[in-house]
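S.K.: Make a model of this:
(2 chains)
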There are 2 protein chains.
Amino acid sequence: MTTDDALFLRAARGEDTPRAPVWIMRQAGRYLPEYRALKERYSFWEMVRTPDLAVEVTLQPVTRFGMDAAILFSDIMTPLPPMGVDIAFRPGPVFSDPVRSRAAVDALRVPDQDELAPFVAEALRELRRASPVPVIGFGGAPLTLATYCVQGGGSKDFAEFRGFLRAEPEAAHALLDKLTDVTVRYLRLQVEAGAQALQLFDSWAGLLDERSYREFGLPSAQRVMRELGDSGVARIYLAVDAGHLYPAIAELDTDAVSVDWRRPLSRLRDDLPGKTLQGNLDPAALLAPADALVAEAQRVLYEGLGGPHVFNLGHGVFPQTDPDNVARLVDSVHAFDRRTARHDTVPLGTAR
Amino acid sequence: MTTDDALFLRAARGEDTPRAPVWIMRQAGRYLPEYRALKERYSFWEMVRTPDLAVEVTLQPVTRFGMDAAILFSDIMTPLPPMGVDIAFRPGPVFSDPVRSRAAVDALRVPDQDELAPFVAEALRELRRASPVPVIGFGGAPLTLATYCVQGGGSKDFAEFRGFLRAEPEAAHALLDKLTDVTVRYLRLQVEAGAQALQLFDSWAGLLDERSYREFGLPSAQRVMRELGDSGVARIYLAVDAGHLYPAIAELDTDAVSVDWRRPLSRLRDDLPGKTLQGNLDPAALLAPADALVAEAQRVLYEGLGGPHVFNLGHGVFPQTDPDNVARLVDSVHAFDRRTARHDTVPLGTAR
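M.R.: All right, here's what the predicted structure looks like:
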């Protein structure tokens, strides 16, 4: 069992640590042969819902690579079925009845915390015992959960959802309120079961302009963050492709913001003052030859100097990634001493 | 036949016109019943490749709504098959042999201008005669065409392409060079046939960070723009979701930049100095009730004051859009007098 002074937790909570802790999004998943071996025997959802399997999968990348944090193997859709939302996976989520009216919103349940996902609580308790590194729980942000509920599945542009916000703003707010209540309960459940950090995935927030985000996205994410504020866990907010929202995200009561690869970290310090930055290697760098990968990782490490930094990818690892490249990446982050490195002295060979 | 002083051309070339000209991306397409009626008899590609049909479809929204410009009904993939790239449409493009090696790049042909797309030249000549408003030609930017060639079709993340840029940078540059040569010829063909403006669609540029865009995207787009610079046509560059690239895009030798809905136009004037701004209503606003649509359009019109503005959507119109809402939108843009409107006096009722 890890303690509160683990490197990842210190950095996530705002400490400018001597080296950057590292984990990568979707680190437990299809690019790992040991995951694919289990996947031949169990479906994704069996693994999510069976605590022993979820724990095993969660720890695979920690064991193999020495990641500095373990993120629970699960899915942001987990709390929706107990609300009465019927979802099939083929393999992307398909909702049998998209939520597109006030009546449909009113019909949604807000289950008690204990009903929500007992298998998640059990997996986290076991993980907390078995993991050599801090355990991260997570959930979808209310806006992003609403995006799926209204759209009825994944989409390139989420047109139905974006139209719904305009045609039915009151129903949209009612939906967001319910999803916020459920998300708070779902994350409290995770904290009580042992999660030491929480990441809130607002994967689709970047589709909105700042005005719409301030009306529909920020208030619900803020309520989640504040209600978890006294839990003592490190809180991380993720929005992809959301540089235009940073003025609003800067107001979020979160310890860290996970950012994509589009902007160098050094340029984001002023936009997100007082937050730990998590990121932001382009996951495509892991498809490159080893020397190009290491050079690109070094650039991210140098860009991350001058404030607290948790090294991560800017988005989930691609399934076709060679695990040996992930090992190289983790080793190269671990070897980087932030105390002796200077931001203005990028060594020869790291620039292309 | 229109002359060079048509409102759209004046605004696109940098004049702060008394009212904003308006057209919308994908204005000829599935949301129009008269388009769907033709589509029952002809495939998309039959319409693109048959000049009479392409002209008819191009003019449908001009006739119905009084748009201020007519954009040729075509597809950015048009110049690829003559290069020897085999593409099937089901309905999205599927490339039988993705271009993923130097040898595959070397095998691509660079056809003469006359071979490239005679049906496009014929359609433009007829359009120039028949259209009451200026005629816009277009092509895909070399980077975006390369994205499809390498990936082999559409994708959520274009991982193969992003990996290819890192694993095979020389082959990537060779591919971009050939695509630039072809794009210049393809656009020259359109200018010689009568196109009065050209829009270069760099739909996927926003996936790259600024450093990668400056290496792989900007130089090829710049060469296209410069080679068309002496043609006298108005040049428009479109990149979606590319706010992080504006420092680079500002260097492009283009008359106008088409921007998405994520940032208000007033905030982009400083980022893109000296360029006409084209945009940027969220296409989802057209799925809203009429009063909400008009209020949102008014906001865009006010935000567009203080510099040359071509009113457009921030992305293509959604197929489920009600044409009556498009009519309302066009009427409301036409009724907006930019000389008497003031940026600091948004009337009551336009703010939500």
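S.K.: Please make it C-alpha for all contacts and neighbour counts, starting now.
M.R.: Noted.
S.K.: Which helix or strand contains A:A11?
M.R.: Per DSSP states H and E, A:A11 falls inside helix A:7-12.
S.K.: let me redo that: A:A295
M.R.: Judged by DSSP H and E, A:A295 forms part of helix A:290-303.
S.K.: on contacts alone, who are the packing partners of that helix?
M.R.: helix A:265-268, strand A:276-281, helix A:323-334 (3 or more Cα pairs under 8 Å, 6 or more residues apart in numbering or on different chains; DSSP states H and E).
S.K.: quick one: A:A121 and A:A193 touch, right?
M.R.: Yes - if you go by Cα atoms under 8 Å, A:A121 and A:A193 touch, sitting 5.2 Å apart.
S.K.: who touches both of the two?
M.R.: Here A:A121 and A:A193 have no joint contacts, going by Cα atoms under 8 Å, 6 or more residues apart in numbering or on different chains.
S.K.: Could you tell me the model confidence score at the residue in the stretch 251-352 of chain A positioned nearest to chain B?
M.R.: In the stretch 251-352 of chain A, the residue that lies nearest chain B is A:R262 (4.3 Å; Cα to the nearest Cα). pLDDT, A:R262: 97.
S.K.: re earlier: next SSE after the helix holding A:A295?
M.R.: Using DSSP H and E, the helix or strand that follows helix A:290-303 in sequence is strand A:309-313.
S.K.: Check which helices and strands that following strand sits against.
M.R.: Other helices and strands packing on strand A:309-313, by 3+ Cα pairs under 8 Å, 6+ apart, are helix A:7-12, strand A:276-281.
S.K.: State the mean pLDDT of that strand.
M.R.: 98.
S.K.: Could you name the specific helix or strand carrying A:W45?
M.R.: helix A:44-49.
S.K.: returning to that earlier point: neighbours of the residue of the stretch 251-352 of chain A closest to chain B, just the number please.
M.R.: Using other Cα atoms under 10 Å in any protein chain shown, A:R262 has 25 other residues around it.
S.K.: One more: A:P169?
M.R.: 15.
S.K.: any idea how far it lies from B:A290?
M.R.: Distance, A:P169 to B:A290, by Cα to Cα, to the nearest Å: 14 Å.
S.K.: hang on, the earlier thing: of all the helices and strands packed on strand A:309-313, which one is nearest A:F336?
M.R.: Closest to A:F336 of those is helix A:7-12 (Cα to Cα; 14.1 Å).
S.K.: ok, back up a step: neighbours of the nearest residue to the residue of the stretch 251-352 of chain A closest to chain B once chain neighbours are set aside, how many?
M.R.: What sits nearest to A:R262 in space, not counting adjacent residues and going by Cα to Cα, 6 or more residues apart in numbering or on different chains, is B:D209, at 4.3 Å. B:D209: 18 surrounding residues under other Cα under 10 Å.
S.K.: Run through the residues that contact B:D209.
M.R.: Going by Cα under 8 Å, 6+ apart, B:D209 touches A:W261, A:R262, A:R263, B:H244, B:L245.
S.K.: residues making contact with stretch A:246-253?
M.R.: A:E210, A:R214, A:L218, A:A221, A:Q222, A:M225, A:R226, A:G229, A:D271, A:L272, A:P273.
S.K.: and if we set it to 7 Å?
M.R.: A:R214, A:Q222, A:M225, A:R226, A:D271, A:L272, A:P273 (Cα atoms under 7 Å, 6 or more residues apart in numbering or on different chains).
S.K.: How much space separates the second one from chain B?
M.R.: This means A:Q222. 21 Å (Cα to the nearest Cα, to the nearest Å).
S.K.: And what about that residue, helix, strand or coil?
M.R.: helix (DSSP: H, G, I helix; E, B strand; the rest coil).
S.K.: likewise the first one?
M.R.: Counting by three-state DSSP, the backbone at A:R214 sits in helix.
S.K.: sorry, back to before: what's the mean pLDDT across the helix holding A:A11?
M.R.: 98.
S.K.: circling back to that earlier point, using neighbour counts, pick out the buried residues of the helix holding A:A295.
M.R.: Neighbour-count burial for helix A:290-303 flags A:290, A:292-303 (criterion: 16 or more other Cα atoms under 10 Å in any protein chain shown).
S.K.: Please tabulate the residues you listed in TSV, including the columns distance to B:Y237 and pLDDT.
M.R.: What follows is the buried residues of helix A:290-303, written out as TSV (distance: Cα to Cα, whole Å; pLDDT from 0 to 100):
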residue	distance to B:Y237	pLDDT
A:A290	35	96
A:A292	31	96
A:L293	32	98
A:V294	34	97
A:A295	32	97
A:E296	29	97
A:A297	32	98
A:Q298	33	97
A:R299	30	97
A:V300	30	98
A:L301	34	98
A:Y302	33	97
A:E303	30	97
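S.K.: What count of nearby residues applies to A:S231?
M.R.: When neighbours are defined as other Cα under 10 Å, A:S231 has 14 of them.
S.K.: And for the one 5 residues further on?
M.R.: A:I236 has 25 neighbours, counted by other Cα under 10 Å.
S.K.: Residues touching the host helix or strand of it, excluding its own?
M.R.: Using DSSP H and E, A:I236 maps to strand A:234-239. The contact list for strand A:234-239 (Cα under 7 Å, 6+ apart) reads A:9, A:12-13, A:196-203, A:205-206, A:254-259.
S.K.: All good on my end, thank you.
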